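A.B. asks: mind folding the following:
(2 chains)
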There are 2 protein chains.
Amino acid sequence: MYVVIVYDVAVERVNKVKKFLRRHLHWVQNSVFEGEVTLAEYERIKVGLRKLIDEDHDAVIIYRLRSMPPRETLGVEKNPIEDTI
Amino acid sequence: MYVVIVYDVAVERVNKVKKFLRRHLHWVQNSVFEGEVTLAEYERIKVGLRKLIDEDHDAVIIYRLRSMPPRETLGVEKNPIEDTI
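C.D. replies: Sure, this is the predicted structure:
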């Protein structure tokens, strides 16, 4: 499965979230990570995120896709996904 | 087609981008919009965004999907998509 994760996390927690996601996924842009994961990894990511965020204040959306979706980039490409796959 | 748009735009331009996207799509979270669009709307959105952003500094990714993807939300759901569809 391929996931795109977007998060809106308070500044005091955001670095931990970023560091955690970086271990599992590819950083593409401010507050956006994506990558191919197994079901087990997907579950681990959710468990890990729940521990790091404040569920009363922070927001994380995980889009679950079959494969890497086509995308169009306008402006700067902060971290082109093609470089790492 | 269904699009998810994530943007990383400098603070002096971000309100215009947000206002523009709000006319076409559903705001889901800080720096994230999504929604069903026709091909014509998709093209109009790209043209409009290119006018508003600074292509040397800002970054916008448009994920192109066939339909609204399954998602999991952790923490707060800032603007539940189900409310508007």
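A.B. asks: which strand or helix spans residue A:28?
C.D. replies: Residue A:28 is located in strand A:26-29, with elements delineated by DSSP states H and E.
A.B. asks: counting contacts, what elements does that strand pack onto?
C.D. replies: strand A:32-36, strand B:59-65 (3 or more CB pairs under 8 Å, 6 or more residues apart in numbering or on different chains; DSSP states H and E). All C-beta atoms are positioned from the backbone trio N, CA, C, and that covers glycine.
A.B. asks: and those strands as JSON lines, adding mean neighbour count?
C.D. replies: Formatted as JSON lines, these follow (neighbours: other CB atoms under 10 Å in any protein chain shown):
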{"stretch": "strand A:32-36", "mean neighbour count": "22"}
{"stretch": "strand B:59-65", "mean neighbour count": "20"}
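A.B. asks: mind putting the ones you listed in JSON lines, mean pLDDT and distance to residue A:21 included?
C.D. replies: JSON lines is the format used below for the helices and strands packed on strand A:26-29 (pLDDT from 0 to 100; distance: least, CB to CB, whole Å):
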{"stretch": "strand A:32-36", "mean pLDDT": "97", "distance to residue A:21": "4"}
{"stretch": "strand B:59-65", "mean pLDDT": "97", "distance to residue A:21": "16"}
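A.B. asks: quick one: the strand holding residue A:28 to chain centroid distance?
C.D. replies: Chain-centre distance of strand A:26-29: 7 Å, with CA atoms, centre = their mean, to the nearest Å.
A.B. asks: likewise for stretch A:33-42?
C.D. replies: On CA atoms, centre = their mean, the centre of stretch A:33-42 falls 9 Å from that of its chain.
A.B. asks: does chain B sit close to it?
C.D. replies: No. Stretch A:33-42 stays clear of chain B (CB under 8 Å from any CB of the partner chain), getting no nearer than 8.9 Å.
A.B. asks: can you give me the end-to-end span of that stretch?
C.D. replies: The first residue of stretch A:33-42 is 13 Å away from its last residue (CA to CA, to the nearest Å).
A.B. asks: pull the contacting residues for the residue of chain A most remote from its centre.
C.D. replies: Within chain A, residue A:75 marks the point farthest from the mean C-alpha position, 20.6 Å out by CA atoms, centre = their mean. Residue A:75 makes contacts with B:53-60, as judged by CB atoms under 8 Å, 6 or more residues apart in numbering or on different chains.
A.B. asks: now list the buried members of those.
C.D. replies: B:53, B:58-60 (16 or more other CB atoms under 10 Å in any protein chain shown).
A.B. asks: can you narrow those residues down to the ones near chain A?
C.D. replies: Filtering those for proximity to chain A by CB under 8 Å from any CB leaves B:53, B:58-60.
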